[in-house]
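Visitor: Predicted coordinates and the sequence they were generated for:
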Amino acid sequence: MKPSVVIDCFPESVLRYRRGYAVVAVDVIRATTTIATVLARGRRCFPVSSLEAARRIKARLVNPLCAGELAGIVPPGFEMNNSPAELDLRSDVQRALVVLSSSGTKLITLGRQCEALYVGCMRNFEGMARYVASRHERVAVIGAGSRRTFREEDQMCCAWIAHRLLEAGFVSENAQTLEWVKRWKIGDVQGVLSSASVDYLIRTGQEKDLDFVLSHVADLDDTCVLEGEEVVVAGSPAKPDLTLPASPDVPEYAQ
């Protein structure tokens, strides 16, 4: 039986692939690009699905950096948005990142229920596809979506990954997957410009993140994989524990 790949969308879709699949989570603007970027800079990364989860993780870490958005707004107590362009310029890489987003980090954290969860974006799609193809027989590439829409940038990245898997001998599990692969030519990012996500970045003066995404394509060979609550680079050496002992005296997040 040949290995197979399917493209799907939205965080709750992960639940369909809990058994027998490796899942690749994609949220190009901006969560998965942010995660791949900070890992490449040597920063540790802990994606969370809610403010409550951010509070719990922050309390266990030593001086973490909290970055993210909910409905486009930086949450109370967070230092910054989940901007890959800004995070790439920061020098405090010794601070672990706790990252929260409206859709992308929810997709990733739901992936803890799957047999394997990878984090993909335009920066690492080539290496991601090679790594996954060599280790798994069934792969679900899932876009995070936004406002119940499968945004163009996520369709594109998912299609690129699926395309590489098809080239490696995988077969498509449905016709829709093939349609997306045929629609999006590898390396051609112009289709992103019609996305509502891009329109939002432009309207809110955040073009630097759009420029960052469009100018960083297939420039990382890192495969990002979820291990427990942390995303790490596959095959990297184990890192020291960053957590503090549990204590009622640890300050609450966002106080």
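Guide: Right, received. Where do you want to start?
Visitor: Quick one: residues contacting the residue nearest to Ala168 when sequence neighbours are not counted.
Guide: Distances taken as CB to CB, 6 or more residues apart in numbering place Ala133 nearest to Ala168, at 4.1 Å, with adjacent residues excluded. (Each C-beta comes from the backbone N, C-alpha and C, glycine too.) If you count contacts by CB atoms under 8 Å, 6 or more residues apart in numbering, Ala133 has them with Pro3, Val139, Arg164, Leu165, Ala168, Gly169, Phe170.
Visitor: ok, of these, which one's closest to Val213?
Guide: Set against Val213, the nearest of the contacts of Ala133 by CB to CB is Arg164 (19.1 Å).
Visitor: Next, count neighbours for the closest one.
Guide: The tally of other residues near Arg164 (other CB atoms under 10 Å) stands at 21.
Visitor: likewise Arg16?
Guide: 13.
Visitor: wait, doesn't it sit right on Asp8?
Guide: Yes. Using CB atoms under 8 Å, Arg16 is in contact with Asp8, at 7.2 Å.
Visitor: Overlap in contacts, those two.
Guide: Contacts common to Arg16 and Asp8, judged by CB under 8 Å, 6+ apart, are Ala140.
Visitor: hey, where'd the helices end up in the chain?
Guide: Remark: helices assigned in the chain by DSSP state H are 31-40, 51-60, 84-89, 104-110, 125-133, 152-167, 175-183, 196-203, 207-215.
Visitor: How much space separates the residue nearest the centre of the chain from Glu229?
Guide: The centroid of the chain falls nearest to Thr32 when counting by CA atoms, centre = their mean (2.4 Å). Remark: distance between Thr32 and Glu229 (CB to CB, to the nearest Å) = 16 Å.
Visitor: same thing with Asp154?
Guide: Asp154 is 24 Å from Glu229, by CB to CB.
Visitor: When these two are compared, which one has more neighbours?
Guide: The residue with more neighbours, out of Asp154 and Glu229, is Asp154; 31 against 16, by other CB under 10 Å.
Visitor: Touching, the more buried one and Val141? I think so.
Guide: No. Asp154 is beyond contact range of Val141, at 9.5 Å (criterion: CB under 8 Å).
Visitor: what sits in contact with each of the two?
Guide: Residues touching both Asp154 and Val141 (CB under 8 Å, 6+ apart): Val26.
Visitor: Show me the shaky parts of the stretch 151-255 of the chain.
Guide: 242-255 (pLDDT under 70).
Visitor: mind redoing it with 50?
Guide: Residue ranges of the stretch 151-255 of the chain with pLDDT under 50: 244-255.
Visitor: mind checking how far the closest residue to Ala116 other than its chain neighbours is from Lys208?
Guide: Closest residue to Ala116 apart from its sequence neighbours, by CB to CB, 6+ apart: Ala22 at 4.2 Å. Going from Ala22 to Lys208 by CB to CB gives 33 Å.
Visitor: The two: who's more crowded?
Guide: Each of Ala22 and Lys208 has its neighbours counted (other CB under 10 Å); Ala22 has more, 23 against 14.
Visitor: and the more buried one, bridged to which residues?
Guide: Here Ala22 sits in beta bridges with Ala116, Val139, going by DSSP bridges.
Visitor: Right, I'll leave it there.
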